[in-house]
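Peer 1: Fold the following.
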Amino acid sequence: MSRSSRFLGHQLAAIAAKLTICLCIVFALTVLAVGQETTGGMKGYVKDKSGAVIAKAQLELTSSALLVPKKAETDGAGYFFFQQLPPGKYTLTVTSQNFRSYKQTDIPIEVGHLPSLDVVLEVGTVGEVALRVVAGRHVRRGLEARGARHRQDVLRRVVADERRARRARRGIRRSMHGLLFGVDELDRSHERHGERGTRCQ
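Peer 2: Model (predicted):
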């Protein structure tokens with residue numbers, strides 16, 4: 001074997017060793033990254049039935065795996081993204097003006113997974129929108145009327161309590177006056193009896 005052949009063999013062996021080391025490092029980093037990942041995510045688009053995207057739609061994500069609900073808003077392209085979601089089953093609620101609300105339950109989220117959802121909202125009719133507005137007004141008026149009645153009831157009770165307190169104070173004053181008058185009469189009677197006894201002697 002010539003020197004050039006041996007030199008080429010050494011170079012190839014060195015290259016193979018370096019490649020093996022690099023592959024081992026990449027594999028170790030990949031295993032480490034997977035081992036450290038503990039959450040998943042969710043992404044998707046919100047559109048109407050025609051396929052047009054809906055911007056500024058409000059999204060709320062709830063689950064027993066969350067301490068508090070997560071909220072998001074679609075961007076100009078109708079896109080939304082939730083990240084760092086603990087594993088579990090989730091409920092997604094989507095609302096937007098002039099559209100019917102959308103709700104999807106039992107959405108599974110697993111570690112390292114990022115499911116994609118296509119949410120389609122149905123247009124709400126004019127009657128439905130008007131009904132919601134009127135219902136909201138009636139609710140507000142009902143609450144206002146209930147609050148006014150409650151204030152009136154409280155005021156009546158305060159006035160009635162004050163009247164009862166006044167009557168009680170008057171009764172106490174009369175009782176005290178009668179008691180003092182009786183004591184005075186008793187003293188006068190004792191004095192008269194004392195004077196009579198003195199005269200008799």
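Peer 1: which ones are touching residue 39?
Peer 2: When contacts are counted by CB atoms under 8 Å, 6 or more residues apart in numbering, residue 39 touches 83-87, 111. Quick note: C-beta positions are derived from backbone N, CA and C, even for glycine.
Peer 1: again, 7 Å this time
Peer 2: 84-86, 111 (CB atoms under 7 Å, 6 or more residues apart in numbering).
Peer 1: the helices in the protein, which residues?
Peer 2: 3-36, 126-200 (DSSP state H).
Peer 1: neighbour-wise, which of the contacts of residue 39 leads?
Peer 2: residue 85 (22 neighbours; other CB atoms under 10 Å).
Peer 1: Test my guess that it contacts residue 109.
Peer 2: Yes: with contact defined as CB atoms under 7 Å, residue 85 counts as touching residue 109 (4.9 Å).
Peer 1: what sits in contact with each of the two?
Peer 2: In contact with both residue 85 and residue 109: 40, 42, using CB under 7 Å, 6+ apart.
Peer 1: Have a look at this structure and report the helix or strand with the lowest mean pLDDT.
Peer 2: Ranking every helix and strand in the chain by mean pLDDT, DSSP states H and E puts helix 3-36 at the bottom, with a mean of 59.
Peer 1: Low-confidence bits of this protein, can you list those?
Peer 2: Residue ranges of the chain with pLDDT under 70: 1-14, 16-36, 125-148, 150, 154, 175-201.
Peer 1: hmm, try it at 90
Peer 2: For the chain, residues meeting the criterion pLDDT under 90 lie at 1-38, 123-201.
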